[in-house]
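**Q** Model the structure of this input:
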Amino acid sequence: MRRIAHYFRLNGDMTKFREFTRKTGDYYLQAANGLRNSGNLLKASLLFVKAADCYREIEDHVSARDCGLAARKYCAIASEEGRAGLQGSALDLKRLGDYFRSEDDTEAARECYEMAATEALEEGKLMLAGGLFRDSGDCSSRLNDVERAVNNHTMAADNYLKSEQYFEAAWSYNVSGFLLISLKRFNEAAQMAGKAKRACNRGHAYPLVWSLSRICGLLSRENYLTAHGEWQKIRRKFKRSYINLVDSCFHHQ
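**A** Presented below is the predicted three-dimensional model:
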């Protein structure tokens, strides 16, 4: 049904596209309800999301909302049940996390990413686990849960390091370091800066990340003047969220 719907859209027949997209959504919804009744709540949540996407495409916002709420509800139940309620892969959970994040349900997204990261570790997929811990850390930052963000980003860095992704490891160690500085936990921040530098040394030069590690180290020693001068040289090269993170460290002096 999905392929037929896309065929009609490519040929400009939007009436048929809407008809078959609705049928696709209806089938996803039926399958989701069947899986929910059989107890496979994670797979059911995934299909509720797919149904929601279909209904959104044809601007049936009520049905899309209802399917999204169902996905959130049964994903939460699966989370409460732990591994018994998962019955799916790390990538399944990541897809749910991505959906909730796109819907600005940051708390639900974080839960999915953390479950996915744990599952990825069980599957032996260290690089995937690193990315999922990073995503959960970003969600924790958005929720102003700095302590949890530190833990998430440190776990991300550790798993990136184990999978020899040195750039990503150094980046995440620095994020943890700057977050720790915002909490005035300077000794721990210095340790993170040191780990970031060692990750850089094990990979390539990564000049920008090395500079961030140096700035993090300077801030951890409360050398604000030198750190500020070095930060101003490279500040414009980063995206807004990262600029805000580093800038906030100077506000805590």
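**Q** By residue count, which helix of this protein is the longest?
**A** helix 14-38 (DSSP state H).
**Q** which helices and strands sit right next to that helix?
**A** helix 2-10, helix 41-57, helix 61-81 (3 or more CB pairs under 8 Å, 6 or more residues apart in numbering; DSSP states H and E). Bear in mind the C-beta positions are built from the backbone N, C-alpha and C, glycine included.
**Q** most tightly surrounded among these?
**A** Ranked by mean neighbour count, the helices and strands packed on helix 14-38 are led by helix 41-57 with a mean of 24 (mean count of other CB atoms under 10 Å).
**Q** now the angle between helix 61-81 and that one, please.
**A** What separates the directions of helix 41-57 and helix 61-81 is an angle of 160 degrees, with axes from the mean of the first three to the mean of the last three CA atoms, to 10 degrees.
**Q** Can I get helix 41-57 as CSV, trimmed to CA atoms?
**A** Presented in CSV, the C-alpha positions along helix 41-57 are these (Å, rounded to 0.1, in the frame of the first residue of the first chain):
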residue,chain,number,x,y,z
LEU,A,41,4.4,-3.4,23.2
LEU,A,42,7.6,-2.2,21.6
LYS,A,43,6.7,-3.4,18.1
ALA,A,44,3.2,-2.1,18.6
SER,A,45,4.6,1.3,19.5
LEU,A,46,6.7,1.3,16.3
LEU,A,47,3.6,0.6,14.2
PHE,A,48,1.6,3.2,16.0
VAL,A,49,4.3,5.7,14.9
LYS,A,50,4.2,4.5,11.3
ALA,A,51,0.4,4.9,11.3
ALA,A,52,0.8,8.4,12.8
ASP,A,53,3.2,9.3,10.0
CYS,A,54,0.7,8.2,7.4
TYR,A,55,-2.1,10.1,8.9
ARG,A,56,0.0,13.2,9.2
GLU,A,57,0.9,13.0,5.5
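**Q** Distance of Asp60 relative to Leu219?
**A** Noted for Asp60: a distance of 51 Å to Leu219, by CB to CB, to the nearest Å.
**Q** now do Gly34
**A** Taking CB to CB, one finds Gly34 at 55 Å from Leu219.
**Q** cool, Ser213 as well?
**A** Taken as CB to CB, the span from Ser213 to Leu219 is 11 Å.
**Q** likewise Glu230?
**A** Plainly put, Glu230 is 10 Å away from Leu219 if you go by CB to CB.
**Q** The two: which is more packed in?
**A** Leu219 (28 against 15; other CB atoms under 10 Å).
**Q** Might you report the residue contacts of Leu215?
**A** In this structure residue 215 is Ile, not Leu. Neighbour list for Ile215: Ala227, Glu230, Trp231, Val246 [criterion: CB atoms under 8 Å, 6 or more residues apart in numbering].
**Q** Could you identify the buried members of these?
**A** Ala227, Trp231, Val246 (16 or more other CB atoms under 10 Å).
**Q** out of these, who's nearest Arg101?
**A** For the buried ones among the contacts of Ile215, the minimum distance to Arg101 (CB to CB) is 23.1 Å, reached by Val246.
**Q** hmm, back to that, ok, which of the helices and strands packed on helix 14-38 comes nearest Ala193?
**A** helix 61-81 (34.3 Å).
**Q** Could I get the CA-only coordinates of the closest one as CSV?
**A** The C-alpha trace of helix 61-81 is given here as CSV (Å, rounded to 0.1, in the frame of the first residue of the first chain):
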residue,chain,number,x,y,z
HIS,A,61,-4.1,15.4,12.6
VAL,A,62,-6.6,13.9,15.0
SER,A,63,-5.7,10.3,14.0
ALA,A,64,-2.0,11.2,13.9
ARG,A,65,-2.2,12.6,17.5
ASP,A,66,-4.1,9.5,18.8
CYS,A,67,-1.6,7.1,17.3
GLY,A,68,1.3,9.2,18.7
LEU,A,69,-0.3,9.1,22.2
ALA,A,70,-0.8,5.3,21.9
ALA,A,71,2.9,4.9,20.9
ARG,A,72,3.9,7.0,24.0
LYS,A,73,1.6,5.0,26.3
TYR,A,74,2.7,1.5,25.3
CYS,A,75,6.4,2.5,25.1
ALA,A,76,6.2,3.8,28.6
ILE,A,77,4.5,0.5,29.8
ALA,A,78,7.3,-1.5,28.0
SER,A,79,9.9,0.6,29.7
GLU,A,80,8.3,-0.1,33.1
GLU,A,81,8.4,-3.8,32.4
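**Q** Perfect, that will be all.
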